[in-house]
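S.K.: Sharing a sequence plus its predicted fold:
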Amino acid sequence: MNVVTMLVCCLSLLNGPSTVPGASWRWPLDPVPQVLRGFSPPALPWGPGHRGVDLAARAGQPVYAAGAGLVSYAARLSGRGVIAILHGPALRTTYLPVRPSVRPGLRVAAGDRIGVVEDLPGHCGPRLCLHWGLLRGPVYLDPLSLVRPVQVRLLPVWGVPSAGRGPRPPGPLPSLRYGSGTADRRPSAGPARPGHSRPAEAAGEPPLSLAGSSSGIREASGGVVAGMLVAFALMLAWRRLPLRRRPPQGVIDLARERRRRRCARSG
């Protein structure tokens with residue numbers, strides 16, 4: 001699963017249908033059908049995927065509205081009967097292939113009959129099925145979230161003995177002294193196991209100070225910056241100072257010769 005698919009799934013959870021106030025939902029077929037193919041959102045809006053669920057059905061089986069709403073579409077599309085029902089400002093359900101018995105603009109309640117399944121195999125192979133979709137705006141959602149409870153997984157509480165485990169052995173728990181900047185981890189009583197070193201505090205050494213280490217880092221970084229500034233200032237000063245170099249033998253220093261003649265004239 002790539003990042004885009006994970007993002008679509010997160011949006012589906014955040015924009016779930018449970019935000020519709022007072023909504024009650026049901027299966028569009030009776031009795032509860034078998035799910036032939038589940039919801040598989042595409043990685044990209046134009047990419048391949050399954051934008052709904054396929055429910056096992058038979059030709060002529062009644063189709064019911066999954067929730068109360070307003071019929072926004074009931075006609076044939078690409079050779080199949082399609083029904084769309086609005087549930088609130090942005091949420092809508094779709095049903096196909098269905099021979100509609102409702103018209104656009106009609107308000108329906110959850111469980112109202114809206115049509116029958118058409119005898120058009122092909123979407124589910126040789127079997128007949130009802131394709132049930134759910135959208136919030138342009139985002140496809142899993143329609144099974146309307147009729148199936150959300151699965152909640154509880155994480156274990158550490159420190160509480162679970163079934164099959166004995167109580168936690170006595171001993172002090174690691175503690176953190178806030179405000180002092182030191183992490184105090186007291187070792188439990190007993191000799192150290194072979195191959196394991198005892199903590200520094202058990203050997204009589206002072207505990208590690210987080211505040212001291214951070215101040216040392218700040219001082220070191222400040223010294224590096226100061227050294228760089230001093231080196232830069234020295235480089236500028238060196239470039240501005242005139243170089244007093246003696247010319248090679250047989251080469252006349254014109255600047256020195258001009259100064260000598262100037263002094264001779266003024267004298």
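M.R.: Ah, there it is.
S.K.: So what pairs up with the closest residue to residue 87 other than its chain neighbours in the strands?
M.R.: Closest residue to residue 87 apart from its sequence neighbours, by CB to CB, 6 or more residues apart in numbering: residue 69 at 4.1 Å. From N, CA and C alone the C-beta is placed, and that goes for glycine too. With DSSP bridges applied, residue 69 shows beta-bridge pairing to residue 108.
S.K.: From residue 235, how far off is residue 69?
M.R.: 77 Å (CB to CB, to the nearest Å).
S.K.: These two: which is more packed in?
M.R.: Neighbours per residue (other CB atoms under 10 Å) separate residue 69 from residue 235, with residue 69 holding more: 23 against 10.
S.K.: Would you mind naming the helix or strand containing residue 261?
M.R.: Using DSSP states H and E, residue 261 sits in helix 254-266.
S.K.: repeat for residue 234
M.R.: In the assignment (DSSP H and E), residue 234 maps to helix 210-240.
S.K.: Averaged pLDDT, that helix. What do you get?
M.R.: Mean pLDDT, helix 210-240: 71.
S.K.: again with stretch 65-80
M.R.: For stretch 65-80, the mean per-residue pLDDT is 95.
S.K.: Just the buried positions in that stretch, please.
M.R.: Buried residues in stretch 65-80, counted by 16 or more other CB atoms under 10 Å: 65, 66, 67, 68, 69, 71, 74.
S.K.: Now do the same contact list for the residue nearest to residue 87.
M.R.: 85, 86, 87, 88, 92, 93, 107, 108 (CB atoms under 8 Å, 6 or more residues apart in numbering).
S.K.: can you do 10 Å?
M.R.: Taking CB atoms under 10 Å, 6 or more residues apart in numbering, we find residue 69 in contact with 20, 23, 84-88, 91-93, 106-110, 112.
S.K.: Quick check: it vs residue 112, distance?
M.R.: On the measure of CB to CB, residue 69 and residue 112 end up 10 Å apart.
S.K.: Find the residues that touch each one of the two.
M.R.: 85, 106.
S.K.: circling back: let's have the buried residues of stretch 65-80 in a markdown table, adding secondary structure and distance to residue 240.
M.R.: Shown next, in a markdown table, are the buried residues of stretch 65-80 (DSSP: H, G, I helix; E, B strand; the rest coil; distance: CB to CB, whole Å):
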| residue | secondary structure | distance to residue 240 |
| --- | --- | --- |
| 65 | coil | 87 |
| 66 | coil | 84 |
| 67 | coil | 83 |
| 68 | coil | 85 |
| 69 | strand | 82 |
| 71 | strand | 86 |
| 74 | strand | 88 |
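S.K.: Which ones among the contacts of residue 69 map onto strands?
M.R.: Judged by DSSP state E, the contacts of residue 69 include 84, 85, 86, 87, 91, 92, 93, 107, 108 as members of strands.
S.K.: ok, these vs residue 135, which is closest?
M.R.: Set against residue 135, the nearest of these by CB to CB is residue 92 (5.5 Å).
S.K.: so how many other residues sit close to that closest one?
M.R.: Using other CB under 10 Å, residue 92 has 19 neighbouring residues.
S.K.: so who does it touch?
M.R.: Contacts for residue 92 (CB under 10 Å, 6+ apart) come out as 69, 70, 72, 73, 84, 85, 86, 133, 134, 135, 136, 137.
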